[in-house]
Structure formats: C-alpha cells, structure tokens
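# model the structure of this input:
(chains A and B)
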There are 2 protein chains.
Amino acid sequence: MAVESNLVQKAQVLIPSLHESIVRPAQVIEVVRDEGAFQGWSVHPVDSFESLREKSLGKNDSFVLDFGDHQVGYLALKLRPTGSPADAPLRLKLIFGEMPCEIGEDFDDYDGWLSRSWLQDEIINIDVLPCEMKLPRRYAFRYVKIIVMETSVKFNVQFEDIYCTAVTSADWSKVKELPQGLPDDLREMDRIGMKTLADCMQTVFEDGPKRDRRLWIGDLRLQALANYETFRNFDLVKRCMYLFGGMTLDEGKVGACVFEKPEPHVDDTVLYDYSLFFIATLHDYYVESKDIDTLQELWPAAWRQAELALQRVGDNGIVADDPSWWCFVDWHPELNKQASAQAILIYCLKRGLALAEALSLEKEIGFIQEQIARLSDAAFRELFDAEQGFFVSGGQRQISWASQVWMVLAEVMDQQGNQQLMNRLFAVSPEIGPNTPYMVHHLIEALLVAGDQEKALEQMRAYWGEMVKDGADTFWEVYHPQDKKLSPYGSNLINSYCHAWSCTTSYFIRKYFV
Amino acid sequence: MAVESNLVQKAQVLIPSLHESIVRPAQVIEVVRDEGAFQGWSVHPVDSFESLREKSLGKNDSFVLDFGDHQVGYLALKLRPTGSPADAPLRLKLIFGEMPCEIGEDFDDYDGWLSRSWLQDEIINIDVLPCEMKLPRRYAFRYVKIIVMETSVKFNVQFEDIYCTAVTSADWSKVKELPQGLPDDLREMDRIGMKTLADCMQTVFEDGPKRDRRLWIGDLRLQALANYETFRNFDLVKRCMYLFGGMTLDEGKVGACVFEKPEPHVDDTVLYDYSLFFIATLHDYYVESKDIDTLQELWPAAWRQAELALQRVGDNGIVADDPSWWCFVDWHPELNKQASAQAILIYCLKRGLALAEALSLEKEIGFIQEQIARLSDAAFRELFDAEQGFFVSGGQRQISWASQVWMVLAEVMDQQGNQQLMNRLFAVSPEIGPNTPYMVHHLIEALLVAGDQEKALEQMRAYWGEMVKDGADTFWEVYHPQDKKLSPYGSNLINSYCHAWSCTTSYFIRKYFV
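Reported below is the predicted structural model:
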C-alpha cells in the first residue's frame, strides 16, 4: 500500500461544504401487503403530519412517516412528555426505509450475505425529556417508522416536531433548464437521475447513500459524466481522482474503492476494469475541464494502471481469464468477464492515448498505439466467432450481452460493424443479459456509439422508464423488469435504492436527446 | 406548581464538578446458572482483559467484562477492524449489569411494572473504524456484556481498549480513618456503605445511579446523615434542599422528588412522610452545618409542610388514613401507613420545634409544642392497644413493625417505654415486617433511640452483613434475607443494586459503633 501524502492533501483541501435543507414529513402512511404492487408492498395515507404532532403516544404505539421524496440526511426529533414528568428513559425504535419493503418487512428476518448492519434501524434511549435531538448518523430514506417501545405508567410522549436536515454537495442552481417540447417522460427521467446523483454527492461521489456510502471508481466514472451535464462540480471529481491516485495498493494498483474516514484509506479490493477506469475518468475530466495541471499530476498513476493491466495480457494478445472475482462488468453470477475485460482495456488505452497526446508524451503515444493495435487484432482473432457473429468469452466461449457491448464501446470495429453487432445482439438476445443499471448504461452508450439513437432512447425508456412506473424516487442499484426482487446480495431489503451508477439518464438526455 | 427562581438559582450555582477516575475491567468472566448462588447466578473468570484486547471477534462472538466493583460512569471503546478495512457498519449490543442476574437473564423477558427502559442495554451502529468512542449515556454497572452483532464477510473487530470513566461528587480524601480494632465486618459494611453513597453522589444525591437517577427526599435524608459522617459535602445537601424548597406543588407542598434536567422541575408525586422529611432534613443540615442563612431562607417552605400535614389531622388528633398511595414508609403491599404517618408527623414537628427555637420564632414555638402534645396524646389514646402492647394502624387495627419503630423514633414514650416496646416487637415479631433497607434503617435507629445498642448492631449484622455475604459491592434497594428475589416492581432485574437509602451502615458505624 502506498500513500502519496501530497496528492491526498490536495484531495482533502477540496472537501466540499454541504448544502443543507430542512424537510418535514409529507404525511403519515401505512405500508400494506399488496401482491400487485412493486415488490409486494403499497403505501396508503392515514393521517396528516400536523395531526400526528398533537398526539400523545404510549408504549407500543407506532407510526410511519413519508417524507415525500428520497432524503439523505439527519433526523431531528422534538419530544415532550405528556401526563406526568418523564420518570424513566424513553425508548424508541426507528426504522428508515428508502422503499416500502424496508418498512413492511422485518429486518431480523434478513439473511443476505452483506452485513445486516446496512439496514437502517436504531433503538435509542432518551434520558431527559423534553428534548430536541438530532440523531448522529446519516440515513438515506423516504420512510421512517417510529415505534414507542417504552414510556412509563406515568407519562406518554408527544412528537412535537420531526424533520430531516438533508445534505448534498450538489448545487441545483447550476443545472440548465431543459428545452421546451421535450417529452414529459424524459423530463421525469432527467429529474430523477439528477436527484439520484445529488443524493450521492456528498464529500465524495458515493455509490449509494444507504450502502456502501463510499467512493467506488466504477460509480465515479458514470457520476462524473452525469455531473458534467448537470451540477458541473469539477472540484468534487478532482478530489475523488486525487484520492484514488494518491492511495494505491501493491505495485501502484488503483483500488476499487476508498474510504474517507477516520482518515482517507484505500480498500483492498482490486478489480481489473475498475483500476483501468481511473484512466477513463481522468480522460473525461480533462476533456471537460481542460485542467492540465491535474492531468499532469495524476498521469503517472493512470499510466501505471495501463502497464499493470497489460501484464495480464497473454502471448496471444488476450487478457487472461480467472474464475475468481477479478473484474466487475456487471452483477451476474454466470457472466464470463474475459471479453469485456479485453474490450475495457482497449477502451481505456484509447483514452490514455488521448491523454498522452495532450501531454505530448511521444514514447507513450507510440507504445499505446502499438498495444491498441495488438489487442484489437487479438480480440478479432481469438474472441470473434465468425460463424455466430459474436464475441465469445472464456474457456466455454460464452456469448453475453456484456461482451458485445464492450467490444462496441472499445470501437474495435467501424460504425457499420458496431451497428450490425448491436442489431444481431437484439435479434438473437443471448441469455446472459444485463442485470444492473450500470450494465444497461453501457448497452445504451453502445447503441449511441453504433449510431442507433432511436434504439438507445427506446431502451432507456424500457428500463429507467419502467423504474419510474414502479415508483422510483431515485434510481436503483439493481433492477430487472422481469424479476423485481432481484438482488445480488440475497435480499432486496439490502439493495441500494439510490445508486450512483443509475443516475446517467440525465447524461444521456442532456448529451444526446435534447 | 410554584417556582421561586431565587431559591432554584441558589441550587444551580452549587452544581458540583464531578471527580473522574478511569477504571479498566478486572477480567473476562462468564455468568452461569447456579441455584446455590444469590438469585441463582454465579460468576466465573474465563480470561484476562489483556488477552481479550488482542483477540479478533466476529459476528455473534460475545464476552462479559467484570470491572471488579460497582461503577457509575461512561464507557469508552477503542475499536479497530481486523482483516480488510471495515466495509460495513459495526453493530454491537451492550448489556450493563449491576448484578449477574442482569447479564444472565434476557431483558426481553422482563415484565415488571416499571419501565423496561431502566434496564441498561444498547444496540449501537458504528460507521467509522478504527474509532475511539465514549457512549453518551451514563451507566451503573459492574458487569458489561458485549455482543458483536454484525461485522461483514471482510472484517472482524478488535477491542483494543475498554474503560469506564467513573464519576462522583464524593471526595474520598475527606473520609476519616476508622479506629484500630474495629471488627472487620464493620469495616466492610462501612466501606460498602460509603461506596454506595459515593456512587449515588452526583450533581444531586441520587436515589440510585441505575434507577431512578434522581433526587428523592426520603433517600436524601438518609444520604445526608451518612454524608455528615463521611464525605461532609454540605454544599450538595444545601443544593438539594434549595431544589426541594424552591419548586413546590399546589399549596406549597414539597414534592417527593425532583428532576435536574433539562431544567430543574419537581415531580407531581407527593407523599405525606416525604414532604414532612423536608423539615427533618433541614434540621439535620442545620445541626451539622450551623448554616443559619440557609435555615432562614428555607424555613418558610419547612413550616408550610407542617401546616399542610396538620390539615390531615382529624378532630380525634389522628392523621387520616387513605387506601391510596399517600405515604411511603416502606415497600410493603399490606402495610397500613396511618400510625407511621402519625409518628412521622410528631418526629418532624419535634425537629421543626428545634429549628423554630434556633430562629427564635416564639409564636411558632408555642404552636408546635401544642401540636406535639395533642398528637402524642392522641397517638396513645387512639392507636395504642394496651392489651397487646402495640400501636395499631388503620381501620383493621394492623400491628406492624413500621408502626412501632416510628412511634419509638417519634419518642412519644420515655426511653424505658421505647425499650419495652422494641423488646415486645422482637418477641412477638408481627408478620408485617420491614422489606427495604430504608425501613431496616429506621428499625436500627429505633433500637438506638431505645438504648439497645447491642441489638442494633446485631440487626445491622443480620441485615447488611447478610447482603455482604450475598456479594453486595454496593448496598441494595430491596433485600429480604428470606426472599432474595423480592422486588416491589415485579422483577428483581429492575431493582436498584446501589441504592442511597441503603448506605447508612457508615452512619451507624461512625456515629454509634466506633
């Protein structure tokens, strides 16, 4: 593990101050079993918040608040005892949910493989009443269930006020109006995409404000793209780049994610594609910002990722496969990553080439050009199945959507070739399809690269448009229109329902569809 | 409710700063079912604290710490992740116990009538590791069980340090050495009594640092007596007197207890004997401190308690009985309080008389003298059953220990009469006996008033001495040598095991037995 303090220090001076806003509950609701509703739960209003504020609640009373939209922030409670003075601690349970399922289902029944500690609930004991308190942890939620677990025989409790101090580093005043005449569904997908991005924009670009609340490079790359079209917070991208570039793992590998606290530190997770995306993210940042100083400072880290990635290329010019979790691409248990990794390497080398050119690094320019040619030739020679017309991946020569999409994005063929491949992909529709908005983003980007703007729009509507119909306030980490409880973690309770990699509707709409 | 701000202000400037000391666990133990042990639980060492500090603990691991003695204070944890960086919140459950039963039994099975929120447990979620944290609530405990509820598949947790910052307003340097030659068991009862008092001495004299953590006048009176013989913190008594005197209920009644936070306020509980004890407590304070200014300022409140108490006296000169909870005396569901109340009224009027004399209030002196005579005559006439030789109480003419004890303390007879009554009490041993150290205190004091120092010592040994044998680190709220799970609240889990009214061994030993 290597830390370049001067780079990390540059990241730290860019910690943004957060914009705060006070949000009160819209209403009191109930969450009920409803097999016709998304994930089997529907929400019904039962009372106004104003009316709740006047009530006196005793042991085992409970209520569910709907804050009207997704919130990321801190919950404050103003409580007073009713009846006699509070002669015992007040004990409350609070359950926070981004989605109704989190309110309706019992967290104690959770048995996914990610830690149950991501599910947002608290039991708090309050010694002094009346009080105004702000819970110390940040939550991501639209719904809050509060259960009065204990008062005493002498007092009950009144919730005089409840509000959320919502936080974001996104500045909404920077967002340009969409042009008149843009269809409402696109406006809606843009609005929700930006809300998703804003709720993930904190002191770094978080992947999700409920889970994992940290900076992953795969998410960062897409967030940055959406950010350039919306909030244009260049400093936050720069901060994140310096964090990744300043703290690397063995041999200088850029880690897949970093933590901010208590001090910045890099996780020990390394993913082949994610390390390479450091180059792509730096490329996109430079193209948008023209910030040559940052490019110069971070180029060595970017170049190192290319060098390390090329070490994995065999004599046949192909990235070596591995049965372990070495490359992300998508949450799909059966997806073979080899062809995608080959394409991602080419994709990132092409962006590295542009950066080397900007820096006039002649030696590197020549080297990268050679590698791109070698890898692209090998991709055709070794991975393209001419009979089937698809790129294959791994020892089992798997044909997946991901492999084709990434080969299109790597532009190993000309636009006509790309278009034919994408048409064939939709016609044949291989079984191993996209499972996440992250992969669907790349599918749509591939359609745009292939020149099929119409199909790209159609696909965006078929995917994010369905999420909107299913009630998304912010876009989700995982979504499959045909399998709405899909979770890579063994329980849809723990899915993130405001997830950075799902925010790119705003990028597509503002960059390609206005 | 009436607040005299100038009096409350005088109380507030006397808020003491607390002495802090750092206490680390003595060892790691287990609590096991043992029908032969006190309350059915015994404690066995299993590991050293030093060894625990080096361990890495995962989901569902747990341990129990023994801090070696009763503590009142704040728990601090120093935690670090082992394995990978902490990629999910750490979720811990902490259970604090004054006694092994609180560790051995499940709080969720509790069904006493006092709020379960007094049972000291927390579930905490820690977002950032490594960390050093101090839990914000104060606990009273010797034992702490910590359960690691959640880590993640990538990290476990190491408890690098755990300590308690113990707090008290008692100054141990003020305590005089006991003389050589005093028996060890008395030394031990004195030590534990002082420890009990010290742990209850915070910013007021609390009744118990686990429960109710507030100032009750019944406890205060006994604490003050023990304090005069030990820590001699006059300001704390004065502060408490000003709180009671400065915040009264309807007609100027002194409440049974007051709360300090968020602002000082008086509870709505009124008890006949407790209001009267304002006079006795002021008397004892004046005798010890000779602080005539405080006496002068608080005399009106004291005098008002006498006036109000006399309103309850009927034409027959006897305090009216009531089936409701109007007078405390002892935790005993069948005890009739009338005779005790009559005696307590006389007892407190006698102390009021001494105060009136100190202030040279001639009119009041005459009035109180008349009342003492009238009430004492009536006590004999109406309540003394000459045939049985006991004072009776209530419509059922109940004969209890409490009634005899209080008549002795009120000194309605001469010493010979008192002695005969106490001898008869022990010989006949009526069924309605003392249930709390509070009542046993008065029994012993009555024996001393009756001149039977030997029996007083024997009784102290039979009661507090048994508590010592049963393992008391601090003396308990409730104790019955023949019924060791006795609780007035429906569960011995919620009993306070460091309780102010039980601290008077030090008072007796230092005042009468050295």
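# could you measure from the residue in the stretch 251-400 of chain A that chain B sits nearest to over to residue A:249?
Going by CB to the nearest CB, chain B is nearest to residue A:261 of the stretch 251-400 of chain A, at 4.4 Å. The C-beta positions use only the backbone N, C-alpha and C, and glycine is treated the same way. Separation of residue A:261 from residue A:249 (CB to CB, to the nearest Å): 19 Å.
# so which residues of the stretch 351-500 of chain A form strands?
Remark: strands assigned in the stretch 351-500 of chain A by DSSP state E, counting those that start in this stretch are A:384-385, A:390-391.
# CSV for those strands, including mean pLDDT, distance to chain B and mean neighbour count?
CSV is the format used below for the strands of the stretch 351-500 of chain A (pLDDT from 0 to 100; distance: least, CB to the nearest CB, whole Å; neighbours: other CB atoms under 10 Å in any protein chain shown):
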stretch, mean pLDDT, distance to chain B, mean neighbour count
strand A:384-385, 98, 37, 14
strand A:390-391, 98, 33, 26
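# distance to residue B:186 added to those, as CSV?
Shown next, in CSV, are those (distance: least, CB to CB, whole Å):
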stretch, distance to residue B:186
strand A:384-385, 95
strand A:390-391, 91
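# nearest to residue A:97, of those strands?
strand A:390-391 (41.3 Å; CB to CB).
# and the stretch 1-150 of chain A, which of its residues are near chain B?
The stretch 1-150 of chain A comes close to chain B at residues A:84-85, A:87-91, A:113-118, A:122-123, A:125, A:127-128, A:130-131, A:137, A:149-150, as judged by CB under 8 Å from any CB of the partner chain.
# any of these buried? List them.
In terms of neighbour count (16 or more other CB atoms under 10 Å in any protein chain shown), the buried residues within the residues of the stretch 1-150 of chain A next to chain B are A:85, A:87-91, A:114-118, A:122, A:125, A:130-131, A:149-150.
# inside strands: which ones of these?
A:90, A:91, A:122, A:125, A:131, A:149, A:150 (DSSP state E).
# excluding its backbone neighbours, what's nearest residue A:351?
Excluding the flanking residues, the one nearest residue A:351 by CB to CB, 6 or more residues apart in numbering or on different chains is residue A:283, at 3.7 Å.
# next, the buried residues of the host helix or strand of that neighbour.
Element membership of residue A:283 [criterion: DSSP states H and E] is helix A:272-289. Residues A:272-286, A:288-289 are the ones in helix A:272-289 that count as buried (16+ other CB under 10 Å).
# then stretch A:39-59?
Buried residues in stretch A:39-59, counted by 16+ other CB under 10 Å: A:39, A:40, A:41, A:42, A:43, A:49, A:52, A:57, A:59.
# residues contacting the helix or strand of chain A with the lowest mean pLDDT, please?
Across the helices and strands of chain A, mean pLDDT, DSSP states H and E gives its lowest value to strand A:2-3, namely a mean of 93. With CB atoms under 8 Å, 6 or more residues apart in numbering or on different chains as the test, strand A:2-3 has contacts from A:246, A:247, A:248, A:249, A:252.
# which of these fall in strands?
A:247, A:248.
# need the buried residues of stretch A:39-59 in a markdown table with distance to residue A:32, pLDDT and secondary structure, can you?
Converted to a markdown table, the buried residues of stretch A:39-59 look like this (distance: CB to CB, whole Å; pLDDT from 0 to 100; DSSP: H, G, I helix; E, B strand; the rest coil):
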| residue | distance to residue A:32 | pLDDT | secondary structure |
| --- | --- | --- | --- |
| A:39 | 13 | 94 | helix |
| A:40 | 10 | 95 | helix |
| A:41 | 7 | 97 | strand |
| A:42 | 6 | 97 | strand |
| A:43 | 8 | 98 | strand |
| A:49 | 20 | 98 | helix |
| A:52 | 19 | 98 | helix |
| A:57 | 21 | 98 | strand |
| A:59 | 24 | 98 | coil |
